[in-house]
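K.L.:
no sequence for this one, just the structure:
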């Protein structure tokens, strides 16, 4: 499948007249708990010609290349990505930390060398806490729940714990997060769920896991309190991002 994905990236570069500077896996496969039938969530960052960015008319800054039962491939223009990096968008740090890389370039390596300087702990915490909150409310409050959704709540909560402890972007791999910040008493419950998730083609509904729900609710409250007590994040400077954008353009043209 990796060869297929790399070929798809080459195909879109020719068709769209762009240069992909970084392409990774971003979903459950990158998190390390893919089911046997999980699709491939491929995300990429691309750059166009200098003339494209000098147009007066508004232009698209995303490419949605493919979406079917197996492949979900879409990406962001580098200009969009760097603007979001300025506001410490957590998605970019996840793409940067993905353990599954399909393509990367010197242009991305220059960005990678400085990307963590733009990380805001408070912005990251808000993002992950919001993700955990919304998934918990939508999927895990009933007597019968979608069991795989526990990972879509527990993972962002563990990401919050990582950020609170280390003030840096969390790793993508769920097991790395769990080994670092998950309490020992919760590991047997999570390990059993993880085994089911990775061995079952479609992990369906089951009874609510009360102890895990209690753990989630306790952490939703404590993490919110920790965020509220943090000072406002320092606003990042545009200068270096402008320089990185221009350097990537020079490499493309």
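P.N.:
Sure, I can see it. Owing to the predicted nature of the structure, the values given are computational and were not obtained by experimental measurement.
K.L.:
make it CA atoms for all contacts and neighbour counts henceforth
P.N.:
Will do.
K.L.:
pLDDT-wise, which helix or strand of this structure ranks last?
P.N.:
Of the helices and strands making up the chain, the lowest-confidence element is strand 205-207, at a mean of 84, by mean pLDDT, DSSP states H and E.
K.L.:
In which helix or strand does residue 191 reside?
P.N.:
Using DSSP states H and E, residue 191 sits within helix 187-199.
K.L.:
ok, now residue 65?
P.N.:
strand 62-67.
K.L.:
Tell me the buried residues in that strand?
P.N.:
For strand 62-67, burial by neighbour count (16 or more other Cα atoms under 10 Å) applies to 62-63, 65.
K.L.:
Quick one: residues in contact with that strand.
P.N.:
With contacts defined as Cα atoms under 8 Å, 6 or more residues apart in numbering, strand 62-67 is touched by 12, 72-77.
K.L.:
Between those, identify the one with the most neighbours.
P.N.:
With neighbours taken as other Cα atoms under 10 Å, the top of those is residue 73, carrying 22 neighbours.
K.L.:
so where is the protein shaky, pLDDT-wise?
P.N.:
201-203 (pLDDT under 70).
K.L.:
quick one: the helices in it?
P.N.:
With helices called from DSSP state H, the chain shows them at 2-16, 28-31, 50-53, 78-86, 90-97, 106-112, 121-139, 151-166, 174-181, 187-199, 210-228, 239-252.
K.L.:
which one of those lies closest to residue 145?
P.N.:
Closest of those to residue 145 is helix 121-139, at 6.2 Å (criterion: Cα to Cα).
K.L.:
can you pull the buried residues of the closest one?
P.N.:
Buried, per 16+ other Cα under 10 Å, within helix 121-139: 121-133, 135-136, 139.
K.L.:
Pull up the pairing partners for the least confident helix or strand of the chain, direction included.
P.N.:
Strand 205-207 has its sheet partners listed here by DSSP bridges as strand 144-146 (antiparallel).
K.L.:
for the strand it pairs with, the distance to its chain's centre please.
P.N.:
Averaging C-alpha positions (Cα atoms, centre = their mean, to the nearest Å) puts strand 144-146 25 Å from its chain's average.
K.L.:
Quick check: buried residues in it?
P.N.:
By 16+ other Cα under 10 Å, the buried positions in strand 144-146 come out as residue 145.
K.L.:
From residue 180, how far off is residue 22?
P.N.:
Separation of residue 22 from residue 180 (Cα to Cα, to the nearest Å): 28 Å.
K.L.:
The two: who's more crowded?
P.N.:
The neighbour count for residue 22 versus residue 180, taken as other Cα under 10 Å, is higher for residue 22 (22 against 12).
K.L.:
can you pull the contacts of the residue lying closest to the more buried one once chain neighbours are set aside?
P.N.:
Closest residue to residue 22 apart from its sequence neighbours, by Cα to Cα, 6 or more residues apart in numbering: residue 104 at 4.3 Å. Taking Cα under 8 Å, 6+ apart, we find residue 104 in contact with 20-23.
K.L.:
go again using 10 Å as the cut-off
P.N.:
Under the criterion of Cα atoms under 10 Å, 6 or more residues apart in numbering, the neighbours of residue 104 are 20-24, 44-45.
K.L.:
Out of the residues you listed, who's the most crowded?
P.N.:
The residue in the contacts of residue 104 with the most neighbours, by other Cα under 10 Å, is residue 23 (27 neighbours).
K.L.:
Hmm, it is touching residue 94, no?
P.N.:
No: Residue 23 is beyond contact range of residue 94, at 11.8 Å (criterion: Cα atoms under 10 Å).
K.L.:
if we can go back for a sec, what's the least confident helix or strand of the chain in contact with?
P.N.:
Strand 205-207 is contacted by residues 140, 142-149 when judged by Cα under 10 Å, 6+ apart.
K.L.:
Would you mind giving the contacts of strand 62-67 as a markdown table with distance to residue 185 added?
P.N.:
Shown next, in a markdown table, are these (distance: Cα to Cα, whole Å):
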| residue | distance to residue 185 |
| --- | --- |
| 12 | 47 |
| 72 | 36 |
| 73 | 38 |
| 74 | 39 |
| 75 | 40 |
| 76 | 41 |
| 77 | 44 |
